[in-house]
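A.B. asks: Build the 3D model from these lines:
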Amino acid sequence: MLVGSSLSFQSILHSRRYRHNICKELMLVKSKRRTKFGITRCKILGSLNRQTDKTRLFVLSDLHTDYAENMTWVDCISTSGHQEDVLLVAGDVAETYDNFLSTMSLLRKRFKHVFYVPGNHDLWCREGEDFLDSLEKLNSLLHACDELGVNSKPKIIGDLGIIPLFSWYHESFDTEQDITGPRIPSLEMVCKDFHVCRWPAELSWRDDSLARFFDAMNEKHAHNIEEIQQKCKNIITFSHFVPRLELCPEKRMLFYPNLPKIIGSNYLETRIRLIHGDKGRETACHVFGHTHFGWDAFLDGIRYVQAPLAYPRERKRRMNGGEDWLPFCIHSDGKFTQRQHFDWSNYYSVNPREPDNLHPAPWVAKYYKRRMQ
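C.D. replies: Here you go, the predicted model:
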């Protein structure tokens, strides 16, 4: 039972007929879809058919299981198909402690190893939760992970080195020209973090102090990271926030053009390069989350992957690539899987980034025209 949830939420979760039908639908895999850029999306194989005795590694972010549909999706992950597998959870599990605990418990029962880094939604201080601030909640979440056997520290699993990286965004991460207009709301109006995350006086979203604080948390694991670098050829780092601006569509493509100001950290990319090297290497991979765009691209010798469950309404629009490909397997049979095809990473694989082009994309222009009527 999910403590603190509403009666309707419980009844949905525990309705056998509902769960059976939903789980059956989640098993369906669509072979091909046409994207809005005219690129045919290749079939992304589901995660249930094991064809290897070796450990597989899956990734997933932005579970948002405060939504009943998302909690049901997690509950429908096979209880037998992943008993030898690893899962990386790249943040934004749930807004409430109770839903976080329930979600991580479900995942821990399904995977042999589960790793986690916190996202912004995880650190919201919701009504009815007795946390002094978001740092106290963070410590409570990490303690819960320890109790469940969920890893939030670097560790070697087989031939894989897995390194969770703590991070937070800062506004100066965005270095591209702004799109301005009377209909574009301020960050304070759009970003709920500013109102439901609570920080000590010395930390503020108005500068880079939060980004520096979270980045410094990684220093305590320097010895473990060095050991992984010495022993492992295949290394996977993962964070919730975005390490590079190129991993987000240009502002003219976004319904909210100020989004890049609240998504990423330069400190994060610097740390990733310290681990994987300035030029990267063929066996270097970083997994991230937060923006809810499915992404798989190579930049300067490192593979960057985002595999978000996202919100139910976003999955219906396939903004994240849908749900039939999740959780996403990125390492199997002792090697990394082939790069997969997603709308935006596909688009930028054949089109140059044009940050100085401030003309809104057709769907954005249509959206703001409708708002002005």
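
A.B. asks: Need the nearest residue in space to Y67, chain neighbours excluded.
C.D. replies: Spatial nearest neighbour of Y67, chain neighbours left out: P312 (5.7 Å); criterion: Cβ to Cβ, 6 or more residues apart in numbering. In short, each C-beta sits where N, CA and C put it, glycine included.

A.B. asks: how far away is the one you found from D278?
C.D. replies: Look at P312 and D278: by Cβ to Cβ, to the nearest Å, they are 40 Å apart.

A.B. asks: if you count what's nearby, which of those two comes out ahead?
C.D. replies: Using other Cβ atoms under 10 Å as the criterion, P312 and D278 rank with P312 on top: 14 against 8.

A.B. asks: For the more buried one, give me its contacts.
C.D. replies: Going by Cβ atoms under 8 Å, 6 or more residues apart in numbering, P312 touches 67, 69-70.

A.B. asks: Scan these and report the most crowded one.
C.D. replies: When neighbours are counted by other Cβ under 10 Å, N70 leads these with 23 neighbours.

A.B. asks: just checking, that residue touches R313?
C.D. replies: No: with contact defined as Cβ atoms under 8 Å, N70 does not reach R313; the gap is 11.3 Å.

A.B. asks: Next, the buried residues of stretch 275-291.
C.D. replies: 275-276, 280, 283-291 (16 or more other Cβ atoms under 10 Å).

A.B. asks: ok, so of those residues, who is nearest N99?
C.D. replies: G289 (17.1 Å; Cβ to Cβ).

A.B. asks: Need the pLDDT of I330.
C.D. replies: Note on I330: pLDDT of 97.

A.B. asks: what ranges do the helices span in the chain?
C.D. replies: Using DSSP state H, the helices of the chain run over residues 7-14, 16-26, 68-75, 97-110, 134-148, 187-190, 193-196, 209-216, 222-231, 266-276, 312-316, 343-350, 362-372.

A.B. asks: quick one, which of the ones you listed is nearest to F166?
C.D. replies: helix 209-216 (4.6 Å).

A.B. asks: Next, the contact list for P164, please.
C.D. replies: P164 touches 88, 115-117, 151-154, 237-239, counting by Cβ under 8 Å, 6+ apart.

A.B. asks: dump the residue contacts of the nearest residue to it once chain neighbours are set aside.
C.D. replies: Spatial nearest neighbour of P164, excluding adjacent residues (Cβ to Cβ, 6+ apart): V117 at 4.5 Å. By Cβ under 8 Å, 6+ apart, V117 lies in contact with 89-91, 152, 164-167, 238-240.

A.B. asks: Next step: those residues restricted to strands.
C.D. replies: Members of the contacts of V117 lying in strands (criterion: DSSP state E): 89, 164, 238.

A.B. asks: In a markdown table, list the residues you listed along with pLDDT and distance to H341.
C.D. replies: Supplementary listing: the ones in strands among the contacts of V117 in a markdown table, determined by pLDDT from 0 to 100; distance: Cβ to Cβ, whole Å:
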| residue | pLDDT | distance to H341 |
| --- | --- | --- |
| V89 | 98 | 23 |
| P164 | 98 | 27 |
| F238 | 98 | 21 |
